[in-house]
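J.: Starting from these lines, generate the structure:
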Amino acid sequence: MIPVKDYIDHFMEIWEQSPNNFPDFPKVYSEKEKKERETNYSHFQKKIKEMQNRKKAQQLRSNPGASFFPMFKAFLETVFDFKKDHLGLILSDEFKDVSKDFFYKARAFGPELKPENIYQGMRNVWIMNGLQLMANVPVKITPSVFAYSMIYPYSDNYLDDPDITNQEKELFSERFNSRLHGIPEVPQNFTEEQLFKLVDMFEEEFPRNIFPEVYESLYAIQTGQTQSLKLINQNGLSDQDIQNICFEKGGASVLADGYLVAGKLTRQQQQALFGYGVYLQLLDDIQDIKEDSLAFTRTMFSCLPDKNLGEFVNRTIHFGRKTLEEMRCFSGVKNDDFLELMNRSIETMIIESVGLMNTSYENDYLLELEKYSPLHFSFVREKRAQSKSQRFALFQKYFDQVKQEPVTFS
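T.: Sure, this is the predicted structure:
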């Protein structure tokens, strides 16, 4: 059995040892530099809008890579200071091809899904593609990469639906858990039909008798999801209970990513992936503080008094830097570049999230953190107000141009 409790204890110890003092960042951005990057940002936004006219859209449809990706590369370089080595990873032909491949497959499998649902799954695809790179396996959409990434749009949206009762959610979780354990179940709704088809894909690629740990990792994420239901409208949980649940849910999620990429993992690799998942869960908690508070969902972050939020962000960054170092147990030839890219990307998102939720933090903390943001926080809030999700807007504007094509799963 996968020792989930041991991994929770290990990363709790790292969390407790992580300081809450303000972290060091590699670069301070001057007022002039921020203005330059904001100009570049606005220029990129203008170019994206121009692509929506008929002539530009036709050009993009016939050769999407020729116009969008060079422009996107320039955007990441001139706005967020990503290095060429980093961009060589995230804008490689391999990564571009799998993004389009996933979109086609997702649309064929679930034509009822909205673009934002596909984007939700795409984020997990990118995580798994990164793990493929680190594990020295081909970067592509395997049946299991597809299936696991599609579980999120279906199961998460069902569990997050306020119109579905907690009792229905618990019964749903029980049936899904049985199916994950190889027990035949009759689907009770369309969501379950789709999820059971996705489990079939796991079983075809990783037979249960040969890859038992793949399924143990899936059981672990299902247990974590079920435990997380306790965070909704429950005021009797201790801080320790909340931390346990958050760590288990986040850690188990990425651990399953790793198993569905590699099939087999060492204990050291298990632990490293679990820690990476915990870090991503803490990032989600920071990003979703407003939504979690409005939904009365308890997280390590949403239940803190306002005065402690900055210290929590600091501790999260220190924790993440320590945790990502454990990923060096993977032998991918581009491991150093990818680790640096992961850390850079996550910390950029953390800084942006603080700037967006400025009313939740002390002014002195905001002023200090803003020094390390390539954009003024006021500019970030202005752009977010124009679009609910800038990242989703980029995703949608690209894939809106791609004509529908038939695909098969391979």
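J.: ok, and for the longest helix seen in the chain, which residues are buried?
T.: For the chain, the longest helix by residue count, based on DSSP state H, is helix 239-262. Neighbour counts over helix 239-262 (16 or more other C-beta atoms under 10 Å) mark 242-262 as buried. The C-beta positions use only the backbone N, C-alpha and C, and glycine is treated the same way.
J.: do the same with stretch 166-182
T.: 169, 172, 173, 175, 176, 177, 179, 180.
J.: Nearest to residue 310 among these?
T.: Nearest to residue 310 out of these is residue 169 (C-beta to C-beta; 34.3 Å).
J.: The closest one: which element?
T.: helix 166-180 (DSSP states H and E).
J.: Identify all contacting residues around that helix.
T.: Outside of helix 166-180, the residues within contact range by C-beta atoms under 8 Å, 6 or more residues apart in numbering are 155, 158-159, 185, 187-188, 191-192, 195-196, 199, 215, 218-219, 222-223, 225-226, 229, 232.
J.: centre of the chain versus that helix, how much separation?
T.: In terms of C-alpha atoms, centre = their mean, to the nearest Å, the centre of helix 166-180 is set 24 Å apart from its chain centre.
J.: Repeat that for stretch 109-119.
T.: Remark: stretch 109-119 is offset 17 Å from the chain centroid, using C-alpha atoms, centre = their mean.
J.: what's the burial count for residue 161?
T.: If you count neighbours by other C-beta atoms under 10 Å, residue 161 ends up with 12.
J.: try residue 330
T.: Neighbours around residue 330, by other C-beta under 10 Å: 22.
J.: Can you tell me, leaving aside adjacent residues, what's nearest to it?
T.: Distances taken as C-beta to C-beta, 6 or more residues apart in numbering place residue 134 nearest to residue 330, at 4.1 Å, with adjacent residues excluded.
J.: just residue 101 next, same as before
T.: Leaving aside its sequence neighbours, residue 101 sits nearest to residue 141 (C-beta to C-beta, 6+ apart; 4.7 Å).
J.: before we move on, what SS does that neighbour have?
T.: Three-state assignment for residue 141 (DSSP: H, G, I helix; E, B strand; the rest coil): coil.
J.: Dihedrals phi and psi, it?
T.: When read as degrees, to the nearest 10, the backbone of residue 141 gives phi -90, psi 100.
J.: about what we covered before: can you tell me the average pLDDT over the helix holding residue 169?
T.: Model confidence over helix 166-180, given as mean pLDDT, is 88.
J.: can you check stretch 329-347 too?
T.: Taken as a whole, stretch 329-347 has a mean pLDDT of 78.
J.: ok, and what's touching that stretch?
T.: Outside stretch 329-347, the residues within contact range by C-beta under 8 Å, 6+ apart are 25, 82-83, 85-86, 88-90, 130-131, 133-136, 266, 268-269, 272, 276, 279-280, 283, 317, 320-321, 324-325, 327-328.
J.: quick one: low-confidence ranges for the stretch 301-410 of the chain?
T.: Along the stretch 301-410 of the chain, the model assigns pLDDT under 70 to residues 302-307, 332-335, 387-410.
J.: which residue ranges form the helices in it?
T.: Applying DSSP state H, counting those that start in this stretch to the stretch 301-410 of the chain gives helices spanning 309-324, 335-356, 363-370, 377-386, 390-399.
J.: Can you lay out those as CSV showing distance to residue 113 and mean neighbour count?
T.: Shown next, in CSV, are the helices of the stretch 301-410 of the chain (distance: least, C-beta to C-beta, whole Å; neighbours: other C-beta atoms under 10 Å):
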stretch, distance to residue 113, mean neighbour count
helix 309-324, 31, 20
helix 335-356, 24, 18
helix 363-370, 36, 14
helix 377-386, 24, 15
helix 390-399, 12, 17
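J.: Spatially central, which residue of this structure would that be?
T.: For the chain, residue 123 is the residue whose C-alpha lies nearest the centre (C-alpha atoms, centre = their mean; 5.1 Å).
J.: Now that one: which helix or strand?
T.: Under the criterion of DSSP H and E, residue 123 resides in helix 115-134.
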